[in-house]
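*Asks:* fold the following for me, if possible:
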Amino acid sequence: MYKRYNNNLVFIACCAGLAFFGITMLALGPVLSHLGEGANALPATLSIGIIIGTAIFGPIVDKFGYKWLLITGTVMALLGIQGLANLTNMSLLHSSMLLLGIGGGILNGATNALVSEIYDDKTRGGRLGILNAFYCIGALLWTLLNYFIDAKFTLPLNCISVIMFAFIVFFFVISFPISKPHATVSVAKMLGLLKYPSLILFAFILFFQCGFDSIIGNFTVRFLENTQGIPTNMATFSLTCFMTCMLAGRLLLGLLMKKLKVTIILYLYLTVALVGVVLLFMVYEMFVCASAISLIYTATALMGLGASATFPVVFSYIGGTYKELSGTAFSIAIVIAFCGMFTFNKITGVLFDKAQFNYFPIILVCTIVVVMILLPIAKRKL
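*Replies:* Numbering: from 1, shown residues only. Predicted coordinates:
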């Protein structure tokens, strides 16, 4: 017998799960300096865990459903957070980061796939936009918590742990969609998704978009410090502008999708991002630090707004097209996206090590242009 579930309760659960993933992605930033020698290797372990969690969630939810995987992912993330708060041995900290990464990867993939599954084609895109806004909310909550509670770095970690535990209980008591009929799920069918050009093309759109998002988060501050001589705290505020406008853009996305075609919306957003990058490049060329800070904040705000639509829109296409094995389809797409994160971070890091900072805005422009080119090609392959 099919178990009944409440769409609104399931959506709340998904929003909480993706907020926890936002915390996962920035978990180490505010606390890394407190962890002692060897801590700089922890982000790499976290990244490996995220990729593992992303790779495994799809086949599991297609075969066994969402409830226990969401609970497991949140428990793993909670254990990772508590390890970060209480452990000092570096080997144990690496284990904690691996747990946190796997849990976060599961939560990111499963929540997007689940929202895609419970809503129809008319509402899916808007709901995915709101869902992905909670990634930004989680990230902002985490940074603000650390900003206002700076007496002891473990206190924000413990506050987040209490919230996570409350939602684990919530996941236990509500009903989720049941697993797909076993007759429709097989390893051969899962692997067969790799044969679909549209899925791979949409995944590579996310590859470049994830690269764009990640190098802004990791290298903008250093770019501004080294090219404009801007103090670290002022440069860091540009990331707050980026994340805040990404949040606003995703909240706005749900309204726009009721009035405009999805493709038109995505091109409008990408154009805004392109304007932001061009503005940043103009500031770099002018080298006018004192008068340019407002332009820099405007540029990063435009980039955040423009970057906010790609993931929800592409997830909407994938969820609507590959309904039979939506979990596995999301797994494939998000793993490829995170490969983009790694690739662009590596390339940009090498360039920055050689003090070739001028390539930063050029890389950003290239990623946006490639996404614009790939989108109509991917749509034609559907």
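
*Asks:* so residue 49 sits against residue 108, correct?
*Replies:* No: at 11.6 Å, residue 49 and residue 108 do not qualify as touching, with contact defined as CB atoms under 8 Å. For glycine as for every other residue, the C-beta is placed from the backbone atoms N, C-alpha and C.

*Asks:* quick one: mean pLDDT over stretch 327-334.
*Replies:* The pLDDT scores in stretch 327-334 average 85.

*Asks:* list the buried residues in it.
*Replies:* The neighbour-count check on stretch 327-334 (16 or more other CB atoms under 10 Å) flags 327-334 as buried.

*Asks:* do stretch 271-281 as well
*Replies:* Residues of stretch 271-281 classed as buried: 272-277, 279-281 (neighbour count, 16+ other CB under 10 Å).

*Asks:* again, but for stretch 27-43
*Replies:* So for stretch 27-43, counting by 16+ other CB under 10 Å, buried means 27-31, 35, 39, 42-43.

*Asks:* for stretch 369-382, same thing?
*Replies:* 370-372, 374-375, 378.

*Asks:* how about the residues you listed in CSV, adding pLDDT?
*Replies:* Listed next are the buried residues of stretch 369-382 as CSV, based on pLDDT from 0 to 100:
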residue, pLDDT
370, 96
371, 95
372, 95
374, 95
375, 93
378, 91
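
*Asks:* which of those sits closest to residue 242?
*Replies:* Closest approach between these and residue 242, by CB to CB: residue 371, at 17.3 Å.

*Asks:* how far does the helix or strand harbouring residue 126 sit from the chain's center?
*Replies:* Using DSSP states H and E, residue 126 sits in helix 124-148. In this view, helix 124-148 has its centroid 10 Å away from the chain centroid, taken as CA atoms, centre = their mean, to the nearest Å.

*Asks:* pLDDT weak spots in the stretch 101-250 of the chain?
*Replies:* The model of the stretch 101-250 of the chain has pLDDT under 70 over residues 150-151, 180-191, 232.

*Asks:* 80 instead?
*Replies:* The model of the stretch 101-250 of the chain has pLDDT under 80 over residues 143-144, 146-153, 179-194, 217-218, 221-222, 225, 228-236.

*Asks:* where do the helices sit along it?
*Replies:* Ranges of helices in the stretch 101-250 of the chain, per DSSP state H, counting those that start in this stretch, are 124-148, 154-173, 187-192, 197-228, 232-256.

*Asks:* closest to residue 314 out of those?
*Replies:* Taking the helices of the stretch 101-250 of the chain one by one with CB to CB, helix 197-228 is closest: 5.1 Å.

*Asks:* thinking again about what came up before, could you dump the buried residues of stretch 327-334 into CSV and include distance to residue 8 and secondary structure?
*Replies:* Formatted as CSV, these follow (distance: CB to CB, whole Å; DSSP: H, G, I helix; E, B strand; the rest coil):
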residue, distance to residue 8, secondary structure
327, 22, helix
328, 26, helix
329, 25, helix
330, 22, helix
331, 26, helix
332, 29, helix
333, 26, helix
334, 25, helix
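
*Asks:* tabulate these (TSV), appending distance to residue 128.
*Replies:* Output for the buried residues of stretch 327-334, formatted as TSV (distance: CB to CB, whole Å):
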residue	distance to residue 128
327	15
328	18
329	14
330	11
331	16
332	17
333	13
334	13
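
*Asks:* can you give me the pLDDT of the nearest residue to residue 110 once chain neighbours are set aside?
*Replies:* Once flanking residues are discounted, residue 110 sits nearest to residue 57: 5.0 Å by CB to CB, 6 or more residues apart in numbering. pLDDT, residue 57: 87.

*Asks:* distance check, residue 57 against residue 265.
*Replies:* Using CB to CB, to the nearest Å, one gets 28 Å for the distance from residue 57 to residue 265.

*Asks:* the helix holding residue 126 packs against which elements?
*Replies:* Contact here means 3 or more CB pairs under 8 Å, 6 or more residues apart in numbering; DSSP states H and E; on that basis helix 124-148 packs against helix 7-26, helix 90-118, helix 154-173, helix 232-256, helix 310-321.

*Asks:* angle of that helix against helix 310-321?
*Replies:* With axes from the mean of the first three to the mean of the last three CA atoms, to 10 degrees defining the directions, helix 124-148 sits at 140 degrees from helix 310-321.

*Asks:* let's verify residue 357: helix, strand, or coil?
*Replies:* coil (DSSP: H, G, I helix; E, B strand; the rest coil).

*Asks:* and it, what pLDDT?
*Replies:* For residue 357, the pLDDT comes out at 83.

*Asks:* go on, residue 279?
*Replies:* Confidence score, pLDDT, at residue 279: 90.

*Asks:* hang on, isn't it packed against residue 306?
*Replies:* No: applying CB under 8 Å as the test, residue 279 and residue 306 come out as separate, 11.3 Å apart.

*Asks:* and stretch 38-58, what's buried?
*Replies:* Buried, per 16+ other CB under 10 Å, within stretch 38-58: 39, 42-43, 45-58.

*Asks:* which one of the buried residues of stretch 271-281 is nearest to residue 123?
*Replies:* For those, the nearest to residue 123 is residue 272 (24.2 Å; CB to CB).
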